[in-house]
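Participant: fold the following and give me the result.
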Amino acid sequence: MSYIKFKVPDALKEDIKNELNTIAGKRDSKIRKGMNEVTKSIERSLAKLVIMAEDVSPPEILFHVPLLCEEKSIPYCYVTTKKELGNAARINVASSAIAIETIGTGNEKALEDIIKKLEALKK
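Facilitator: Model (predicted):
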């Protein structure tokens with residue numbers, strides 16, 4: 001049993017990383033990094049999108065995240081490695097999970113597009 005509930009195509013993973021990088025570059029954006037902060041963000045229903053790495057070890061660390069996201073109706077997705085996720089969020093360390101709380105001005109359309117593509121994948 002794994003926390004990875006569906007496969008994200010590589011092209012969509014690139015779009016997700018590019019969008020995360022753009023959001024991270026905005027002054028008025030808010031991104032939560034790390035397992036504890038992401039869990040709190042989900043429980044408080046503040047997260048707009050949760051992104052997890054697929055290479056987390058042990059996988060039990062992220063086991064509860066997809067379940068919480070589904071309970072709170074928060075979209076979630078995966079990227080290949082923790083290092084890629086950290087780089088896309090413009091932090092110099094690997095990160096197992098990231099929650100986007102505030103996307104910053106001018107990014108609304110791109111985030112909506114990614115969420116629509118993710119919803120289409122789950123059907």
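Participant: adjacent strands (with direction) for the lengthiest strand in the chain?
Facilitator: In the chain, assigned by DSSP state E, the strand with the most residues is strand 97-103. Using DSSP bridges, the strands paired with strand 97-103 are strand 29-33 (antiparallel), strand 49-53 (antiparallel).
Participant: neighbouring contacts of the last one?
Facilitator: In this case it means strand 49-53. Outside strand 49-53, the residues that touch it by Cβ atoms under 8 Å, 6 or more residues apart in numbering are 3, 16, 20, 38, 41-42, 62, 65-66, 69, 74-82, 84-85, 94-100, 111, 114-115. The way it works is simple: take the backbone N, C-alpha and C, and place the C-beta from them, glycine included.
Participant: rerun that using 6 Å as the cut-off
Facilitator: Applying Cβ atoms under 6 Å, 6 or more residues apart in numbering, the external contacts of strand 49-53 come out as 62, 69, 75-79, 81-82, 85, 96-100.
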